[in-house]
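Visitor: Quick check, what structure comes out for this input:
(one chain, ligands or ions: 1)
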Amino acid sequence: MKFFVDTADVAEIRELNELGLLDGVTTNPSLILKSGRRIAEVTREICDIVAGPVSAEVAATDYSGMMKEARTLAMIADNICIKVPLTLDGLKACRAIRAEGRMVNVTLCFSANQALLAAKAGASFISPFIGRIDDAGSDGIELISEIRTIYDNYDFKTEILAASIRTVNHVKQAALIGADVATVPPATLKALVRHPLTDKGLEQFLADWAKSGQTIG
Ligand code: E4P
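Guide: Reported below is the predicted structural model:
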């Protein structure tokens with residue numbers, strides 16, 4: 001499973017990349033707002049840090065506007081992945097951007113039929129929003145499972161990018177089902193390593209090692 005980080009915070013991205021944890025980055029208009037920076041500038045900096053796909057989202061909602069913005073965003077770096085919303089215009093733009101040789105992440109997916117349409121439009125990634133589905137009282141992980149089945153039934157190459165992840169359990173469940181990628185907030189990504197028994201065990205080993213009076217090397 002690939003890990004993307006869901007943020008436009010350059011310091012967080014740099015730290016996680018240096019840990020070797022990152023296969024890519026996703027941003028969206030809300031995350032750009034939170035960064036307090038201009039989209040072109042912050043996205044270029046992210047693309048310089050991470051070699052994998054960096055999703056940058058269009059803000060236009062009509063086909064021509066999306067294409068214009070997609071071409072502007074594409075000029076930032078070779079690893080830009082254009083993010084378009086799951087609308088009819090978004091799907092049309094997805095097909096056209098793919099034909100121009102760029103990666104496309106179709107975002108705001110909340111149903112299996114939407115994911116089917118995105119795959120048929122040639123999307124590189126489909127982003128089902130697990131957390132927001134859970135928030136609305138349904139089961140986000142169940143949607144990932146449905147999409148996995150449909151994509152496998154027809155051998156679609158679109159990668160399932162589990163998005164809107166809120167917990168470490170979301171990551172585990174998405175991995176068990178076979179999501180290709182999880183885009184995870186920085187704090188949740190770091191929390192994956194934690195286990196109280198690891199901390200307790202390490203504490204005991206260090207205490208016993210100190211008692212042994214030995215050193216290595
Ligand atoms: C990722 O591409 C999405 O933009 C993101 O995961 C949305 O997460 P949220 O529901 O926590 O805003």
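Visitor: what sits against the spatially most central residue of the chain?
Guide: Centroid-nearest residue in the chain, with CA atoms, centre = their mean: residue 183, separated by 2.8 Å. Going by CB atoms under 8 Å, 6 or more residues apart in numbering, residue 183 touches 3-6, 24, 26, 127, 161-163, 165. Any C-beta I mention is one placed from the backbone N, CA and C, and that applies to glycine too.
Visitor: Contacts for the longest helix belonging to the chain next, please.
Guide: Of all segments of type helix in the chain, defined using DSSP state H, the longest is helix 196-212. Residues from elsewhere that reach helix 196-212 (CB under 8 Å, 6+ apart): none.
Visitor: Mind doing that once more with 10 Å?
Guide: 195, 215-216 (CB atoms under 10 Å, 6 or more residues apart in numbering).
Visitor: So which of these wins on neighbours?
Guide: Neighbour counts for the contacts of helix 196-212 (other CB atoms under 10 Å) peak at residue 195, which has 9 neighbours.
Visitor: What residues does that one make contact with?
Guide: Going by CB under 10 Å, 6+ apart, the list of residues near residue 195 reads residue 201.
Visitor: swap in residue 216?
Guide: Contacts of residue 216 by CB under 10 Å, 6+ apart are residue 209.
Visitor: Then residue 194?
Guide: Contacts of residue 194 (CB under 10 Å, 6+ apart): residue 168.
Visitor: ok so, going back, give the pairing partners of the host helix or strand of the residue nearest to the centre of the chain; include direction for each.
Guide: Residue 183 is part of strand 181-184 when elements are defined by DSSP states H and E. Strand pairing for strand 181-184, using DSSP bridges, gives strand 2-6 (parallel), strand 159-162 (parallel).
Visitor: Please see if that strand touches the ligand.
Guide: Yes - using CB under 6 Å from any ligand atom, strand 181-184 reaches the ligand at residue 183.
Visitor: Can you show me the CA trace of that strand as CSV?
Guide: Output of strand 181-184 as CSV, limited to C-alpha atoms (Å, rounded to 0.1, in the frame of the first residue of the first chain):
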residue,chain,number,x,y,z
VAL,A,181,-3.1,4.1,-1.6
ALA,A,182,-4.1,5.9,1.7
THR,A,183,-3.8,9.6,2.0
VAL,A,184,-3.3,10.3,5.6
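Visitor: buried set for it?
Guide: 181-184 (16 or more other CB atoms under 10 Å).
Visitor: same question, stretch 32-49
Guide: 32, 35, 39, 42-47.
Visitor: Need phi/psi at residue 178.
Guide: phi 100, psi 30 (degrees, to the nearest 10).
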